[in-house]
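Enquirer: kindly return the folded structure for what I paste below:
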Amino acid sequence: MSVAKRAIRNGGIFSFIIAAIGLYQGENLLTSTMVWGFAWVVMSGAFWVSYRITQPKSQSESESVIEESTEESSHQKEPEQIKR
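Expert: Numbering: from 1, shown residues only. Predicted coordinates:
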């Protein structure tokens, strides 16, 4: 999923929760709807920036984890071959 789609989805989910809590606490529907829209825009932007900043780091970390797991599996296979 692209960075923009994840940001919009996650911003929508969290802003809906905020609006629902506002309704639960006694706000009227118009106020909750305005809070929902505003929070969605602000949170989507914040999530997008956050994902863009952390994406290169997470990709490099996931590549290093994959490399380490392949090295560990090759080291585990070597002793078995020596025993035979």
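
Enquirer: can you show me the strands along this structure?
Expert: All residues of the chain lie outside strands when identified by DSSP state E.

Enquirer: do a quick rundown of the helices in it.
Expert: Using DSSP state H, the helices found in the chain span residues 3-24, 29-83.

Enquirer: comparing these, which gets the lowest mean pLDDT score?
Expert: For the helices of the chain, mean pLDDT drops lowest on helix 29-83, to a mean of 78.

Enquirer: report the distance from stretch 10-18 to the chain centre.
Expert: Mean-position distance between stretch 10-18 and its chain equals 13 Å (CA atoms, centre = their mean, to the nearest Å).

Enquirer: how about stretch 23-43?
Expert: Computed by CA atoms, centre = their mean, the chain-centroid distance of stretch 23-43 equals 23 Å.

Enquirer: list the buried ones in it?
Expert: Buried residues in stretch 23-43, counted by 16 or more other CB atoms under 10 Å: 32, 35, 36, 39, 40, 43. Where C-beta positions appear, they are placed from N, C-alpha and C, glycine not excepted.
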